[in-house]
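got a structure for you, letters missing:
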């Protein structure tokens, strides 16, 4: 049974977290030469509102396909590690890919995928943002929901100061509070110890990375300002030190 997800409630937030946590997605385009469907694996990051960000080469088949048809589908797979994958969540997001030269999009993507810095400046590579049209979630047998674009994007209308301060917050946390970042990963997410680094902070949570492994921890409540974000980070440290 298919239904429309209710309001901007916890289920919509959960779906956004599914997108934000993904390191990769399957990109489906329409092949320029003959119209056949064409699927490929891509690395993804997320804008502050959750819109997917991609780095694509003009030499790739999927990028050439965009010249004729910018409308695409991105499949986010949340079934990793499940004994029965079809009981887990899968989200298909429909939208149009648009090229982006915004420094913020570049910074968010490269912090999440630092290895991409080795080729991001090659002449044939460019950053793209998905302008979301709708989403389709299958979260297990009988759990099927449609999501309009508005529910797949966080409201960032009053988050300008937080967005502007993101790089400063990340630099400060990694340079001066690496122990706290490590606790977010180990004590709160149950991940193995290591030199975890913060790679992103937005109104709905923080992103972490360690040698190609990515993780996300959502805030209990959205934050809107740098001060609210710092207060939330302090509370998370306290919770981690208290055993979660």
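Arrived safely, thanks for sending. Computed from a predicted model, the values in this text were never measured in an experiment.

Remind me which helix or strand residue 137 belongs to.
Using DSSP states H and E, residue 137 maps to strand 125-138.

Going by neighbour count, which residues in that strand are buried?
125, 126, 127, 128, 129, 130, 132, 135, 136, 137, 138 (16 or more other C-beta atoms under 10 Å). (C-beta placed from N, C-alpha, C; glycine too.)

who's the fifth one bridged to?
Residue 129 forms beta bridges with residue 53, residue 98, as assigned by DSSP bridges.

do the first one as well
On the basis of DSSP bridges, residue 125 takes part in beta bridges with residue 57.

list the contacts for residue 174?
181, 197, 198 (C-beta atoms under 8 Å, 6 or more residues apart in numbering).

one more time with 10 Å, if that's ok
Applying C-beta atoms under 10 Å, 6 or more residues apart in numbering to residue 174 gives the contacts 180, 181, 195, 196, 197, 198, 199.

Then residue 116?
Contacts of residue 116 (C-beta under 10 Å, 6+ apart): 43, 45, 55, 106, 109, 110, 125, 127.

Apart from its neighbours in sequence, what residue is nearest the residue sitting nearest the centre point of the chain?
In the chain, the C-alpha nearest the mean C-alpha coordinate belongs to residue 20, at 2.4 Å (C-alpha atoms, centre = their mean). Excluding the flanking residues, the one nearest residue 20 by C-beta to C-beta, 6 or more residues apart in numbering is residue 46, at 4.7 Å.

contacting residues around the one you found?
16, 19-22, 52-53, 108-109, 112, 129-130, 154, 200, 202, 204, 207, 216.

re the thing from before, so the residue nearest to the centre of the chain is in contact with residue 205, correct?
Yes - counting by C-beta atoms under 10 Å, residue 205 is a contact partner of residue 20 at 7.0 Å.

Find residues that contact each of these two.
216, 218.

Next secondary structure after the strand holding residue 137?
According to DSSP H and E, the helix or strand after strand 125-138 is strand 144-148.

That following strand vs strand 125-138, what angle?
130 degrees (axes from the mean of the first three to the mean of the last three C-alpha atoms, to 10 degrees).

Name the strands paired with strand 144-148 and say parallel or antiparallel.
strand 2-4 (parallel), strand 125-138 (antiparallel).

for this structure, which spans come out with low pLDDT?
1-10, 244 (pLDDT under 70).

switch to 80 and redo it
Applying pLDDT under 80 to the chain flags the ranges 1-11, 140-142, 244.

which stretches of it form strands?
Using DSSP state E, the strands found in the chain span residues 2-4, 24-30, 37-43, 45-46, 52-57, 71-77, 90-100, 125-138, 144-148, 197-202, 205-210, 213-218.

Just the buried residues of the second one, please?
Read it as strand 24-30. 25, 27, 28, 29, 30.

Can you pull the domain assignment for this structure?
Domain assignment of the chain by automatic domain parsing yields the ranges 2-151, 160-241.
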